[in-house]
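K.L.:
Structure here, sequence nowhere to be found:
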């Protein structure tokens, strides 16, 4: 049942029915969210009737969501920690696990007794770089990504948060255009094994950039590159925080042991109890 002009409850019912048929897990909640987006206000601010103009916008949003377009892309932004960032097609939408990565890195950043230099590898929307720069006014952050779309999106978000003077966004294939050394490195690289890509949920498989997902045959290709090179770009005592796949902890620790420069390496679990974060300190 498609949304039709009429009463508010009927519009929500029609939208939720269409979303349920498409396999959306919380169709009523998402229908309400899409209706608020269509009107530009909260549901509480709506009257009992829905105008034809709003209904048209709402119908298009419901149809897009039924195709499994992520809500963040429909809204054009997403929340991260205590701030919002713009999201764009072709740029990876940050996930809650990356917020946990940021929280760990921010603890380390705030403890440094000097103005810190930080590097965000594969910055995407720039959320990690923005989070680091917002945490300390004396922090200098370099954010890199190989994707021109990601670089443009990250630069937009850096400007939006008034951080142009302290966050530099540049195009780089990992460390290829990064000659500097840093006190802190953060990264959320692609870590899905290529054979597992077809099993990802439609929102990810269809609409996220493959380059941001594909970790090679074993999921470790980008992690190898980062763990091999990061010690050369960290000051002694510097730390890297890297998001990894939930079953990659032992393999990542073996990789770190095989590359010179790491004097400490561990894997920590996320809030769901899954091994999710590599944390390594450089000698």
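P.N.:
Okay, I see it. Given the structure is predicted, the values throughout are model-derived calculations rather than measurements.

K.L.:
Tell me where the model's unsure across the protein.
P.N.:
Scanning the chain with the threshold set as pLDDT under 70 gives 1-6, 41-48.

K.L.:
tell me, what residue is most central in it?
P.N.:
Nearest residue to the geometric centre of the chain (CA atoms, centre = their mean): residue 94, 1.6 Å.

K.L.:
How many residues are close by the closest residue to it other than its chain neighbours?
P.N.:
Nearest residue to residue 94 in three dimensions, chain neighbours excluded: residue 127, at 4.7 Å (CB to CB, 6 or more residues apart in numbering). Bear in mind the C-beta positions are built from the backbone N, C-alpha and C, glycine included. Around residue 127 there are 28 other residues, counting by other CB atoms under 10 Å.

K.L.:
Check the secondary structure at the residue nearest to the centre of the chain for me.
P.N.:
Per DSSP: H, G, I helix; E, B strand; the rest coil, the secondary structure class of residue 94 is coil.

K.L.:
pretty sure it is touching residue 126, no?
P.N.:
No. Using CB atoms under 8 Å, residue 94 is not in contact with residue 126, being 9.5 Å away.

K.L.:
residues shared between the contacts of the two?
P.N.:
Common neighbours of residue 94 and residue 126 are listed as residue 85 (criterion: CB atoms under 8 Å, 6 or more residues apart in numbering).

K.L.:
so who does residue 234 touch?
P.N.:
Taking CB under 8 Å, 6+ apart, one finds 181, 182, 183, 185, 240, 261, 282 in contact with residue 234.

K.L.:
ditto for residue 38
P.N.:
By CB under 8 Å, 6+ apart, the residues touching residue 38 are 54, 55, 57, 58, 61.

K.L.:
Could you report the distance from the second one to residue 218?
P.N.:
Note on residue 55: its distance to residue 218, by CB to CB, to the nearest Å, is 49 Å.

K.L.:
if you count what's nearby, which of these two comes out ahead?
P.N.:
A count of neighbours by other CB under 10 Å puts residue 55 above the other of residue 55 and residue 218, at 20 against 15.

K.L.:
Name the SS class of the more buried one, please.
P.N.:
Three-state call for residue 55 (three-state DSSP): helix.

K.L.:
I appreciate the help and will end here.
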